[in-house]
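> Just need the structure, nothing else, for what follows:
(one chain, ligands or ions: 1)
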Amino acid sequence: MSVDPVQSRPEIENLMLESRTFPPDPAFTAQANATADLYEEAERDYVAFWEKLGRERITWYTPFRTTLEWNLPFAKWFVGGELNVTYNCVDRHVERGLGDKVAYHWIGEPGDTRTITYADLQREVSKAANALKELGVRKGDVVAIYLPMIPELPIAMLACARLGAAHTVVFGGFSAEALAGRINDARARVLITADGGWRRGKKVGLKHHADEALTDTPSIEHVLVVNRLRDGCHMVEGRDHWWGETVNRQSEHCPPVPVESEQLLYLLYTSGTTAKPKGIVHTSAGYLLGTSYTHEMIFDVKPNDVYWCAADIGWVTGHSYIVYGPLANATTGVMYEGAPDTPDWDRWWQIVEDYRVSILYCAPTAIRAFMKQGESYPAKHDLSSLRVLGTVGEPINPEAWLWYHTYIGGGKAPIVDTWWQTETGMILITPLPGVTTTKPGSATFPFPGIAADVVDAEGRSVPRGGGGYLVLTRPWPAMLRGIHGDPERYRQTYWSRFPGMYFAGDGAKRDEDGYLWLLGRVDDVMNVAGHRISTIEVESALVDHRSVAEAAVVGKSDEVTGQAIFAFVILKAGQEPSDALALQLREHVAYVIGPIARPKYLMFVPDLPKTRSGKIMRRLLRDIAEGRTLGDTTTLADAAVVDVIREHSGAAEEE
Ligand code: WTA
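The predicted model follows:
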């Protein structure tokens, strides 16, 4: 590549103009869970740091012998230990007398609600686990879960973990094809799904997608179907079972199965730079420790807090910070099924007021969407209960940070901008509330015990004030253990770019004070509304259409979603470009991958800029999409192509 993508990103200057700082409020510091000495303690001996936490925080059946076995890039944590993750998230709290404490305040989009205590969770999870057992699920099996944001989703995950079985949750917005691909890669034996859910005031069916996926998934033996919408759906005799009937007749007792620390807890699929999705492997003890400890420190969670992570459980944020981390800490959480604008743009603020939410964790894309609607919506509600705010998923621009701070946090709640990935399992770069002086737009410093660096193309540490590639230089407990079934791809993807270091795929800059500023992906993965979507997957979906010859996709910066998908499409000979066809192609992508991947812009072009070796120069396409002057074109095979595309650029279709 002729131009370093990190150097060519204009966000660097933008972010660096932000110089305001927000020191912690002494009153907050006085009561904070985290203290500044954690950094030193962890630095003295990071293995000893995690060892102590592992002994204190996890309830073991058999204590571990070795804290870390590190055969780069393969890590094993808490070796020799035996535990059960669900026992740690549910039963032990009930045994301590917290059975009546609320685990989830659940709010359905139409306004129906459910309150689930830890005792309820223990009962429901045990029954669900017994139902899975009846369907033949055993330790080591994989169960696929394709559900809306309803209580059965965390219940299903915990039921799997209770049996030592793994789950793979597929986001409810994904298509049948995406679901089938994940089921087949994981060789899941059982699928748990629902008739559908509510979204923007409408019933959205799910089971018909599942049925379509199931025509091509030989490993699935049984399907459990939650009856959320209550107006029936197609059921296949012998294969499909209603959750209600099957689960409700089970015993309320189901002993948790002890598993080894490194037992597979779940697979979660994420986009890569090839069309084949990667099954990220997370195991039990290290993951449980990493998520629960970071949750308590970073969100300053206290026993009486009402904590709301507004992500979908289908993404890693929900796995780590709606389910495992918070439950291990016996936290009271809020779970909301629907859209933020239903019935109106103050739905979230109504929920905060009604439940006295004290900690809110969400994505910058949501904040920008609220900003766009104006501060009158939050102003209608009493948000004084909020005392800590968090963000995740993409860099937050300083304007959005300040808006969040002012209109949601009342100018006082600390904001934690948390950087992490599906692969990292837990938050790795973040302020600690009460400790860190924040700067709007900076994720600040590595969490205690974590070592991160910013390096140049040769892997040399970049001095303060410089930009480069973000790397992690030491293992951490919740790290991915690999890519399912493909150790070589794991090594190649994360550990080969800079020998001995984990390459996150993100650009970063470290300012003169040592603060880290994340600059987005440096590969061909787009970040749309906090969701990573690889360009190659969208291109494959476009080319899959009979009219399309070739396609190239780039992310175009977008005020609301961070990046929006911009597709350049070459039609097959004899096919005429038209608005109708553009619409059809966008829908086709939504059908093949899911609505989240529907291109916002689509432009028909006669050709694409390519290098002499035939590689599409996405960098130039990004320039065109953004309306910028072109960067270096010296490696372009045919310079005239760009002019031709430019002439067409007026014709980009917006959704
Ligand atoms: C981006 C989500 C800047 C980043 C937990 C990362 C962020 C990718 C931040 C992972 C942040 C996440 N600031 N960028 N605070 N948090 N990212 O796997 O590009 O869905 O590599 O995990 O999101 O996305 P993933």
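
> so how far is Val525 from the closest residue to the ligand within the stretch 301-450 of the chain?
At 3.4 Å from the ligand, Thr422 is the closest residue in the stretch 301-450 of the chain, using C-beta to the nearest ligand atom. Just so you know, the C-beta spots here come from the backbone N, C-alpha and C atoms, and that holds for glycine as well. Applying C-beta to C-beta, to the nearest Å, the value for Thr422 to Val525 is 11 Å.

> can you list residues touching both of those two?
Contact criterion C-beta atoms under 8 Å, 6 or more residues apart in numbering; residues shared by Thr422 and Val525: Arg532.

> show me what contacts Trp356?
Careful, residue 356 is Arg; it's not Trp. By C-beta under 8 Å, 6+ apart, Arg356 lies in contact with Val306, Ser385.

> for the record, mean pLDDT for whichever strand or helix holds Gly286?
Element membership of Gly286 [criterion: DSSP states H and E] is helix 285-298. Mean pLDDT, helix 285-298: 98.

> and it, anywhere near the ligand?
No - residues of helix 285-298 contacting the ligand under C-beta under 6 Å from any ligand atom: none, with a closest distance of 11.5 Å.

> and that helix, C-alpha only, in CSV?
Taking C-alpha atoms only, helix 285-298 is exported to CSV below (Å, rounded to 0.1, in the frame of the first residue of the first chain):
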residue,chain,number,x,y,z
ALA,A,285,-13.0,-18.3,33.9
GLY,A,286,-10.8,-15.6,32.5
TYR,A,287,-13.8,-14.1,30.6
LEU,A,288,-16.0,-14.1,33.7
LEU,A,289,-13.2,-12.4,35.8
GLY,A,290,-12.3,-9.9,33.1
THR,A,291,-15.9,-8.8,32.4
SER,A,292,-17.0,-8.7,36.0
TYR,A,293,-14.0,-6.8,37.4
THR,A,294,-14.0,-4.2,34.6
HIS,A,295,-17.7,-3.8,35.0
GLU,A,296,-17.4,-3.0,38.7
MET,A,297,-14.5,-0.6,38.4
ILE,A,298,-15.3,1.2,35.1
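
> Name the nearest residue to Gln373, ignoring sequence neighbours.
Spatial nearest neighbour of Gln373, excluding adjacent residues (C-beta to C-beta, 6 or more residues apart in numbering): Trp345 at 4.4 Å.

> So that neighbour belongs to a strand, correct?
No - Trp345 is assigned coil when assessed by DSSP: H, G, I helix; E, B strand; the rest coil, not a strand.

> I'd like to know how many residues surround it.
Number of residues near Trp345 (other C-beta atoms under 10 Å) recorded here: 18.

> shouldn't it be in contact with Lys372?
No - using C-beta atoms under 8 Å, Trp345 makes no contact with Lys372, being 9.1 Å away.

> what domains does the record give for this protein?
Split into domains by automatic domain parsing, the chain comes to 119-215+226-255, 545-654.

> hmm, back to that, check which helices and strands the helix holding Gly286 sits against.
Judged by 3 or more C-beta pairs under 8 Å, 6 or more residues apart in numbering; DSSP states H and E, helix 285-298 is in contact with helix 46-57, strand 74-79, helix 325-328.

> Out of these, which is the most enclosed?
Of all those, helix 325-328 has the most neighbours on average by mean count of other C-beta atoms under 10 Å, namely a mean of 28.

> hmm, that one touching the ligand?
No - Helix 325-328 does not reach the ligand (C-beta under 6 Å from any ligand atom); its nearest approach is 12.4 Å.

> So in that sheet, which strands flank the next helix or strand after that helix, and in what orientation?
Later in the chain than helix 325-328, the nearest helix or strand by DSSP H and E is strand 332-336. Paired with strand 332-336 in the same sheet, following DSSP bridges, are strand 102-107 (parallel), strand 306-309 (parallel).

> Okay, buried residues for the helix or strand just after strand 332-336 please.
Later in the chain than strand 332-336, the nearest helix or strand by DSSP H and E is helix 347-355. The neighbour-count check on helix 347-355 (16 or more other C-beta atoms under 10 Å) flags Arg347, Trp348, Trp349, Ile351, Val352, Glu353, Tyr355 as buried.

> Next one: the residue nearest to Gly164 when sequence neighbours are not counted from the ligand, what distance?
Nearest non-adjacent residue to Gly164, counting by C-beta to C-beta, 6+ apart: Lys139, 3.5 Å away. Separation of Lys139 from the ligand (C-beta to the nearest ligand atom, to the nearest Å) stands at 28 Å.

> quick one on the thing from earlier: point out the most buried one among the domains of the chain.
Comparing these by mean neighbour count (mean count of other C-beta under 10 Å), domain 119-215+226-255 ranks first with a mean of 21.

> near the ligand, anything from stretch 436-443?
Yes - shown here: stretch 436-443 in contact with the ligand (C-beta under 6 Å from any ligand atom) through Ala443.

> From the rest of the structure, what touches that stretch?
15, 18-24, 395-398, 401-402, 405, 414-415, 417-419, 429-431, 444-445, 511, 515-518.

> Can you get me a residue count around Glu399?
Around Glu399 there are 14 residues (other C-beta under 10 Å).

> For it, give me its contacts.
Glu399 touches Met371, counting by C-beta under 8 Å, 6+ apart.

> Over to Thr473?
Shown in contact with Thr473 (C-beta under 8 Å, 6+ apart): Ala451, Ala452, Asp453, Gly500, Met501, Tyr502.

> thinking again about what came up before, check the secondary structure at the residue of the stretch 301-450 of the chain closest to the ligand for me.
coil.
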